[in-house]
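Q: below are the sequence and a predicted model for it; my questions follow.
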Amino acid sequence: MAATTFPALAVPHRSLQRTLAIYAKEAKYELLKNIRIPVYAISTVTFPLMFYVLFGIVLGRGNPVNRGETATYMLATMGCFGVMAVALFGFGVSLAIERGQGWLQVKRASPMPVSAYFGAKLFSAVVFSTVIMLMLLTVGVLFGGVRLPVATAAKLIGILVAGSIPFSAMGLAIGYFAKPNSAPSVVNLIYLPMSFCSGLWIPLFLLPHGLQTLAKFLPPFHLSQMALNSVGLATNPTPTWGHVEALLAFSLLCLGLAAWGYRRDEGKTYG
């Protein structure tokens, strides 16, 4: 019997304008999805704000001489804490849940570029990180005595918002290996101790010497030191490029793990 052959169908060329429209639409609905999930939208914004009010403003009133400096210091470290939460929960927990629901298979079957899916999550993380930083800065200026030039405040916000990218890579790695039901616990077990040991809640110089040494190997330490450098309050002044290199190496490591997890999922699903 002669084999029946069919002509190969040409993949239609997608214009740049149409491609950008796909990315924009995916980003829009990813952001709306996160806004409509109270557990994510409320907790990621209110937790850093609550900790900042407690550690940076309420406790700082006991030392009126350095009140503004304390509030500025905690603005940088709590900002780091906030962007970590946004990235890890927005990527790690969200990706793990959507993997478990089979949503990634639906996306894979659609003509949408896979990069639009991850780009949308990164866009949402950047938006939420910016909102958190603006809220922290507003509270610090109104109630904490924070006084920063506009250029310095913009630099601080820019550093911390850009700092969400390495933790998005970390969330990506977690999302490909954590189970849907255990992903929130896994993220909390990683980022809460890491935040404490990096000096985000309590200034690093007040921690035991062993934790001060450990902190230098943790990514939140490097991001928080960059933020503190920008406002002139770094506890361990070192060249900025040293911190950038550490965060870049961390990002590449996490992306490598995420790529491994992605290929593993593809192999299980499609053989």
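A: Good, I have the coordinates. Residues are numbered from 1 along each chain as shown.

Q: show me what the lowest-mean-pLDDT helix or strand in the chain packs onto, helices and strands only.
A: Ranked by mean pLDDT, DSSP states H and E, the helix or strand of the chain with the weakest confidence is helix 103-109, at a mean of 79. Where contact means 3 or more CB pairs under 8 Å, 6 or more residues apart in numbering; DSSP states H and E, helix 103-109 is packed against helix 114-143, helix 240-270. For glycine as for every other residue, the C-beta is placed from the backbone atoms N, C-alpha and C.

Q: now it, how far from the centre of its chain.
A: Centre-to-centre, helix 103-109 and its host chain are 24 Å apart (CA atoms, centre = their mean, to the nearest Å).

Q: buried deepest among the helices and strands packed on helix 103-109, which one?
A: Of all the helices and strands packed on helix 103-109, helix 114-143 has the most neighbours on average by mean count of other CB atoms under 10 Å, namely a mean of 20.

Q: list the helices and strands it packs on?
A: helix 16-35, helix 38-51, helix 67-87, helix 103-109, helix 150-162, helix 164-177.

Q: which parts of the fifth one are buried?
A: Same thing as helix 150-162. Ala153, Lys155, Leu156, Ile157, Ile159, Leu160, Val161, Ala162 (16 or more other CB atoms under 10 Å).

Q: need the residues that contact it.
A: 75-76, 79-80, 82-83, 126, 129-130, 133-134, 137, 148, 223, 226-227, 230-231 (CB atoms under 8 Å, 6 or more residues apart in numbering).

Q: then the last one?
A: Contacts made with helix 164-177 from outside it, assessed by CB under 8 Å, 6+ apart, are listed as 83-84, 86-96, 99, 118, 121-122, 125-126, 129, 183, 186-187, 190, 219, 223, 247-248, 250-251, 254-255, 257-258, 260-262, 264-265.

Q: any idea of the angle whatever helix or strand comes next after that helix forms with helix 67-87?
A: For helix 164-177, the following helix or strand on the C-terminal side (DSSP states H and E) is helix 183-197. Interaxial angle, helix 183-197 versus helix 67-87 (axes from the mean of the first three to the mean of the last three CA atoms, to 10 degrees): 150 degrees.

Q: what packs against the following helix or strand past helix 183-197?
A: Following helix 183-197 in sequence order, the next helix or strand is helix 209-215 (DSSP H and E). In terms of contacts (3+ CB pairs under 8 Å, 6+ apart), helix 209-215 is packed against helix 183-197.

Q: try it again with 10 Å
A: helix 183-197, helix 219-230 (3 or more CB pairs under 10 Å, 6 or more residues apart in numbering; DSSP states H and E).

Q: that one: which residues count as buried?
A: Leu211, Gln212, Ala215.

Q: save the helices and strands packed on helix 114-143 as JSON lines, and put in distance to Trp241 too.
A: Shown next, in JSON lines, are those (distance: least, CB to CB, whole Å):
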{"stretch": "helix 16-35", "distance to Trp241": "31"}
{"stretch": "helix 38-51", "distance to Trp241": "27"}
{"stretch": "helix 67-87", "distance to Trp241": "18"}
{"stretch": "helix 103-109", "distance to Trp241": "37"}
{"stretch": "helix 150-162", "distance to Trp241": "13"}
{"stretch": "helix 164-177", "distance to Trp241": "15"}
